[in-house]
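[1] Just to be clear, the model below is a prediction. Sequence and coordinates:
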Amino acid sequence: MNELVIPSTLFRSFEAISKQLQSKKTDYCVSVFISPENATVSWVGGSAPNYSFIVQQLEKGHGLKQAEFCIPGDFFKHSLKSVIAFNRKHRAPQFLPLIFELEYKNGKYIKATHVEVPDIAMQPLNPIYPSCRKFHLLAACIKHIDYIKTLPKRAVVEFSIADLDKLDMNVTRLGNFEYLQLEPNSHNLRFQRGGNIGIETVLSKMSLPATLTINNETYQQLRQICQETQAATVKIAQEGELITIYSPEKTVTRSIAGLTAFIETQQNHSTIEVTLIADIQSFKNEIESHADYKDAKKADQCYFLIDDSKIYMSSTLSDDGLSKAVYAKSIKSEQTRLYRFHPKELIKTHINDLTSMDQVKICIVINKNHERFFEFYSSTKEGILPYVQIPIEAIDLKESDINKIKNGCVTKTVQETLETIQQEHGLAQNEQFELIGF
């Protein structure tokens with residue numbers, strides 16, 4: 001027999017899993033993934049899409065073998081419930097852990113046993129014996145396995161726990177709110193309470209890397225993760241009404257009903273000036289390359305020209321500097337437009353995770369204060385929150401500036417450029433590949 005032990009310090013997290021389990025769903029179980037190599041046991045449970053993923057460190061001498069399986073939902077819920085009930089009537093260090101005894105046979109764990117220790121308030125007249133619960137273990141839930149696979153692929157933003165602590169000082173004043181939203185560089189905390197929209201001025205200075213929009217229940221999950229982690233940051237991925245919060249020890253995904261309607265209420269205050277679907281990898285690489293050049297890094301400015309259904313980027317409005325044309329699948333703009341933004345503002349937003357997608361939706365919006373913002377989205381669906389938002393300013397158009405930027409950009413593709421070099425210099429095909437590092 002091997003013991004799978006959950007210490008009482010983790011019960012709060014496992015209670016969240018237990019509360020999400022629904023007996024009529026196909027994922028009414030808790031999947032377990034044991035990795036002796038990493039000295040961890042990972043747990044996944046809940047009811048899709050509301051899952052929790054917990055990584056627990058194993059103690060030395062645990063004796064567990066590499067394995068994955070799932071514990072039936074009712075067995076897990078009642079085992080946890082019995083230990084919590086016992087602990088609530090006692091004080092530390094008398095708190096009991098949750099212990100599953102595992103039976104191993106033919107290269108896998110086949111059965112789990114839990115012994116329920118009853119709470120005896122007074123000396124009984126007759127002997128009382130603990131209840132014994134045994135269940136066969138099943139294969140790990142496919143939905144849980146798929147969930148784990150999707151986690152690294154989500155576009156995340158890294159939030160400082162120090163900033164989230166400052167945010168909490170302001171949120172405490174809101175009482176029993178339904179939703180809240182705070183944008184980067186904003187001093188206004190928007191919230192909904194009792195169906196009514198309100199605005200509170202943020203008292204503490206903080207620098208959020210992206211807009212945070214969340215409901216009360218999920219906000220409490222965020223606070224719990226911040227309190228329990230040893231890390232200095234947490235990561236958040238927001239996709240429509242689905243939000244995922246990451247820490248090294250725990251990941252939680254929650255579906256927030258009504259969030260889209262709340263977002264749209266806020267978005268009514270902004271006007272979209274430009275919408276485009278662009279090659280984010282090329283865009284990001286060009287921005288980051290500016291930091292490799294002393295003058296461009298010091299100037300910290302990039303001009304963004306939209307003209308003739310194309311995008312052009314340049315570090316200056318002169319005849320020299322850094323420039324690049326970026327492919328756009330579609331552009332919605334009524335006229336030629338020129339903007340300027342600060343590359344450092346974009347780099348510090350942790351935009352890296354968006355580059356796993358070939359193309360990204362980008363909007364330029366104007367709010368009621370006539371301030372413009374660059375907004376990057378992880379999805380083209382309507383009602384989705386911007387993944388990244390930075391300030392941007394419109395520049396008065398001059399034909400000479402437009403021509404300088406366009407003339408500074410190479411509008412041939414890489415392949416066309418290589419073919420031109422090959423033809424002009426008589427290079428063989430293998431020599432052509434050497435040019436691009438193969």
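    Now that the structure is in, tell me what you want to look at.

[2] Show me the helices in this protein, by range?
    11-20, 73-87, 142-150, 161-171, 216-228, 259-267, 280-289, 294-299, 343-347, 399-407, 414-425, 429-435 (DSSP state H).

[3] and of those helices, who's closest to Gln389?
    Proximity of the helices of the chain to Gln389 was assessed by CB to CB; the nearest stretch is helix 343-347, lying at 9.7 Å. Placement of C-beta: from N, CA and C, glycine included.

[4] For the closest one, enumerate the helices and strands it packs against.
    In terms of contacts (3 or more CB pairs under 8 Å, 6 or more residues apart in numbering; DSSP states H and E), helix 343-347 is packed against helix 280-289, strand 388-394.

[5] How far off centre is stretch 80-95?
    A distance of 34 Å separates the centroid of the chain from that of stretch 80-95, by CA atoms, centre = their mean, to the nearest Å.

[6] Equivalent analysis for stretch 303-319, please.
    In terms of CA atoms, centre = their mean, the centre of stretch 303-319 is set 32 Å apart from its chain centre.

[7] May I see the buried residues of that stretch?
    Neighbour counts over stretch 303-319 (16 or more other CB atoms under 10 Å) mark 303-307, 311-317 as buried.

[8] Buried residues in stretch 174-190, which are they?
    Buried residues in stretch 174-190 (16+ other CB under 10 Å): 174, 177-184, 189-190.

[9] Among the residues you listed, which pair sits farthest apart?
    Pairwise distances across the buried residues of stretch 174-190 (CB to CB) peak at 22.4 Å, for the pair Glu178 and Pro184.

[10] what sits against Arg372?
    273, 339, 364-366, 391-394 (CB atoms under 8 Å, 6 or more residues apart in numbering).

[11] Any regions of the stretch 301-438 of the chain where pLDDT drops low?
    Within the stretch 301-438 of the chain, the stretches with pLDDT under 70 are 350-358, 382-385, 411-418, 421-422, 424-438.

[12] Swap in 90 and give it another go.
    Applying pLDDT under 90 to the stretch 301-438 of the chain flags residues 307-311, 317-330, 332-335, 344-361, 365-371, 374-390, 397-438.

[13] What pLDDT is listed against the residue most central in space within the chain?
    What sits nearest the mean C-alpha location of the chain, by CA atoms, centre = their mean, is Ala237, with 2.1 Å. We have a pLDDT of 93 for Ala237.

[14] Please report how far the nearest residue to it once chain neighbours are set aside lies from Tyr219.
    The shortest distance from Ala237 to any non-neighbouring residue, by CB to CB, 6 or more residues apart in numbering, is to Arg154 (3.9 Å). For Arg154, the distance to Tyr219 equals 19 Å [CB to CB, to the nearest Å].

[15] what sits against Ile364?
    Contact partners of Ile364, counting by CB under 8 Å, 6+ apart, are 272-274, 337, 339, 372-375, 392.

[16] One more pass at 6 Å, please.
    Contacts for Ile364 (CB atoms under 6 Å, 6 or more residues apart in numbering) come out as 273-274.

[17] how far away is it from Phe304?
    Between Ile364 and Phe304 the distance is 9 Å, computed by CB to CB.

[18] Ok, Ser247 next?
    35 Å.

[19] Could you do Gly46 as well?
    Distance of Gly46 to Phe304, given as CB to CB: 42 Å.

[20] one step back: now the helices of the chain in CSV, with distance to Cys132 and mean neighbour count?
    Shown next, in CSV, are those (distance: least, CB to CB, whole Å; neighbours: other CB atoms under 10 Å):
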stretch, distance to Cys132, mean neighbour count
helix 11-20, 20, 18
helix 73-87, 11, 19
helix 142-150, 27, 15
helix 161-171, 43, 17
helix 216-228, 32, 17
helix 259-267, 45, 17
helix 280-289, 57, 18
helix 294-299, 68, 12
helix 343-347, 59, 18
helix 399-407, 77, 15
helix 414-425, 68, 12
helix 429-435, 69, 11
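
[21] neighbours around the residue nearest to Gln66 when sequence neighbours are not counted, how many?
    Computed as CB to CB, 6+ apart, the closest residue to Gln66 that is not its neighbour in sequence is Pro36, at 5.8 Å. Using other CB atoms under 10 Å, Pro36 is surrounded by 14 other residues.

[22] just Thr251 next, same as before
    24.

[23] what's the spacing between it and Leu167?
    20 Å.

[24] Please apply the same query to Thr9.
    Plainly put, Thr9 is 26 Å away from Leu167 if you go by CB to CB.

[25] likewise Asn285?
    From Asn285 to Leu167 the distance is 33 Å (CB to CB).

[26] can you give me the strands in the stretch 101-250 of the chain?
    For the stretch 101-250 of the chain, the strands defined by DSSP state E, counting those that start in this stretch cover 108-116, 131-136, 157-160, 179-182, 188-193, 196-201, 212-215, 233-239, 242-246, 250-255.

[27] weakest of these in terms of mean pLDDT?
    Lowest mean pLDDT within those: strand 196-201, a mean of 77.

[28] now for it, which elements pack on it?
    Applying 3 or more CB pairs under 6 Å, 6 or more residues apart in numbering; DSSP states H and E, one finds that strand 196-201 contacts strand 188-193.
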